[in-house]
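# Just a sequence and a predicted model for now, questions to come.
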Number of protein chains: 2
Amino acid sequence: MIAMKYTFNKAIEILERTPVVLKTLLSGLSEEWTMHNEGAETWSPYNVIGHLIHGETTDWMQRMAIILDDKSDHKFKPFDRFAMFEESKGKSMNQLMDDFEKVRKENLAKFKALNLSEKQLDLKGVHPSFGEVTLKNLLATWVAHDLDHIQQIVRVMAKQYKDEVGPWVEYLRILK
Amino acid sequence: MIAMKYTFNKAIEILERTPVVLKTLLSGLSEEWTMHNEGAETWSPYNVIGHLIHGETTDWMQRMAIILDDKSDHKFKPFDRFAMFEESKGKSMNQLMDDFEKVRKENLAKFKALNLSEKQLDLKGVHPSFGEVTLKNLLATWVAHDLDHIQQIVRVMAKQYKDEVGPWVEYLRILK
C-alpha cells in the first residue's frame, strides 16, 4: 500500500459519485433490506441517508467556511448525529436519496467555485472534541465519511442474513 | 433489528445489482483509488473484482449443482482464493467489471431457470473446512459475500486517506 495525498480532484471523484452509488445500491430494494438495522440504537440504510443529508446541510460547508473566515474564532459547532430521526419523518427512501443528490451537487458546485489552493489546506479550525484540525483533515474526512457510511449500509444489509449463512459466518468479515 | 429469512426474490435483488453497484463505484476513478491495497498480502479493488469473477465461474453454481445432484457425494471442491492474481493479468479494470457483469447475468439466468423450491433449501453439501451446509446457507452466502466485498472495496479506498483525516480517524469506524 502507498497511501494517497489529499488532492481536490481525486476527492471530488468520490464525493460526486456517492449519491449515484447509493441510488444504485438501494433503489427498488425491498424494505427489509433498507429499513432494518443492526439492533437497538443502530441505524438502518434509510437512517444513514438522512444523516448524510444533515451533514451536507449543516456540517461540511459550514466548517469549511469557519476555517476560511479570517474574522472568525474558527470554532466549529457540534454536529447533531441524531437530527435525521426528526428530519426524515414522512419522507420515502427515494425522496431522501433525491434530496441527498441535490444538496451534494449544490455543495460541490460551491466547493469548486471556492477555487481553493493547496496552501489553504493547512488553514485551521477548532473541533469541539479534539481541538485543532486542518482544512485538509476536514476535506479528507468528507470523503472517508462517505465511504464509511457506504460500508455501514452494506454491513447492515449483510447482517440480515447472519443466521441464514450458517457456518460461513466464519469467513465473512462483514458479519463479525 | 428483525433479521431476514432467505428468499429467492430478495436474494436476487442484491445479486443482480452488484455488478452495476461496482461499476458506479469504480468506473473512471483514478488508479490510486482502484489499484492500491491495505498493505502486504491484501487486495486492491481491482483484485476483488477478479475474485468475484472467479467465484462466478468456479464456485457458487458448481456447489449448487453438487448439492442438487443426487448421484454425487455432495462434496465441494476447495475454492482458490488467489486464482485471480493469474487470471486478471493484462485485463483493465473496466474489462474485469464487464466480465463480472456478464458471468453474473448468465449465472442468474441459470439460477432462475432451476426454479428451485423452498423445500430444496434444506438439501445438503459438504464443505471442505466446516462440513455439512445447506443449500440455503450457500445461497445466503452468495449474497452476503457480495456485500462483504463491496465493504472491502470501500474500506481499502478509505484507508488511502488514513493519514489525511488527522484526528477524525477516531470517528471513522472504517479506518479502525
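Yes, it's here.
# Show me which helix runs longest in chain A.
helix A:135-159 (DSSP state H).
# Average pLDDT for it, rounded please.
Helix A:135-159 carries an average pLDDT of 98.
# burial of the nearest residue to residue A:33 once chain neighbours are set aside, as a residue count?
Distances taken as CB to CB, 6 or more residues apart in numbering or on different chains place residue A:157 nearest to residue A:33, at 5.4 Å, with adjacent residues excluded. Every residue, glycine included, has its C-beta placed from N, CA and C. By other CB atoms under 10 Å in any protein chain shown, the residues close to residue A:157 number 27.
# give the contact list for residue A:157.
Listed by CB atoms under 8 Å, 6 or more residues apart in numbering or on different chains, the contact set of residue A:157 reads A:33, A:45, B:14, B:147.
# And the one residue sitting closest to the centre of chain A, how far from chain B?
The centroid of chain A falls nearest to residue A:146 when counting by CA atoms, centre = their mean (3.6 Å). Relative to chain B, residue A:146 is positioned 9 Å away (CB to the nearest CB, to the nearest Å).
# That residue contacts residue A:13, doesn't it?
No - assessed by CB atoms under 8 Å, residue A:146 is found out of contact with residue A:13, at 11.2 Å.
# on contacts alone, who are the packing partners of the worst-scoring helix or strand of chain A on mean pLDDT?
Within chain A, no helix or strand scores below helix A:83-87, which has a mean of 87 by mean pLDDT, DSSP states H and E. Here helix A:83-87 touches helix A:45-58, going by 3 or more CB pairs under 8 Å, 6 or more residues apart in numbering or on different chains; DSSP states H and E.
# Next, the angle from the helix it packs on to helix A:135-159.
170 degrees (axes from the mean of the first three to the mean of the last three CA atoms, to 10 degrees).
# so after helix A:45-58, what's the next helix or strand?
Next along the chain after helix A:45-58, taking DSSP states H and E as the criterion, comes helix A:60-68.
# Run the chain-centre distance for that next one.
16 Å (CA atoms, centre = their mean, to the nearest Å).
# do that helix and chain B meet at all?
No - Helix A:60-68 stays clear of chain B (CB under 8 Å from any CB of the partner chain), getting no nearer than 11.2 Å.
# Show me what that helix is packed up against.
By 3+ CB pairs under 8 Å, 6+ apart, helix A:60-68 packs against helix A:93-114, strand A:124-127, helix A:135-159.
# So, low pLDDT: which residues of chain A?
A:1-2 (pLDDT under 70).
# can you pull the contacts of the residue of it positioned farthest from its centre?
Most distant residue from the mean C-alpha position of chain A: residue A:167, 32.9 Å away (CA atoms, centre = their mean). Contact partners of residue A:167, counting by CB under 8 Å, 6+ apart, are B:127, B:130-131, B:133, B:137.
# Just give the nearest non-adjacent residue to residue A:80, would you?
That would be residue A:54: by CB to CB, 6+ apart, it lies 7.0 Å from residue A:80.
# could you measure that neighbour against chain B, distance?
Using CB to the nearest CB, residue A:54 is found at 15 Å from chain B.
# Please apply the same query to residue A:117.
To chain B, residue A:117 is 17 Å away according to CB to the nearest CB.
# For that residue, grab the count of nearby residues.
By other CB under 10 Å, 8 other residues sit near residue A:117.
# got it, and residue A:60?
Counted with other CB under 10 Å, residue A:60 comes out at 20.
# how far away is the closest residue to it other than its chain neighbours from residue A:119?
In this structure, residue A:60 finds its nearest non-sequential neighbour in residue A:142, 5.1 Å apart by CB to CB, 6+ apart. From residue A:142 over to residue A:119 the distance is 19 Å, taken as CB to CB, to the nearest Å.
# The two: who's more crowded?
Counted by other CB under 10 Å, residue A:142 and residue A:119 do not tie: residue A:142 has more neighbours, with 25 against 7.
# Leaving aside the residues adjacent along the chain, what's closest to residue A:173?
Nearest residue to residue A:173, sequence neighbours excluded (CB to CB, 6+ apart): residue B:148, at 6.1 Å.
# ditto for residue A:150
Nearest non-adjacent residue to residue A:150 (CB to CB, 6+ apart): residue B:154, at 4.8 Å.
# Now do the contacts for the residue nearest to the centre of chain A.
Each residue near residue A:146 by CB under 8 Å, 6+ apart is listed here: A:14-15, A:18, A:52.
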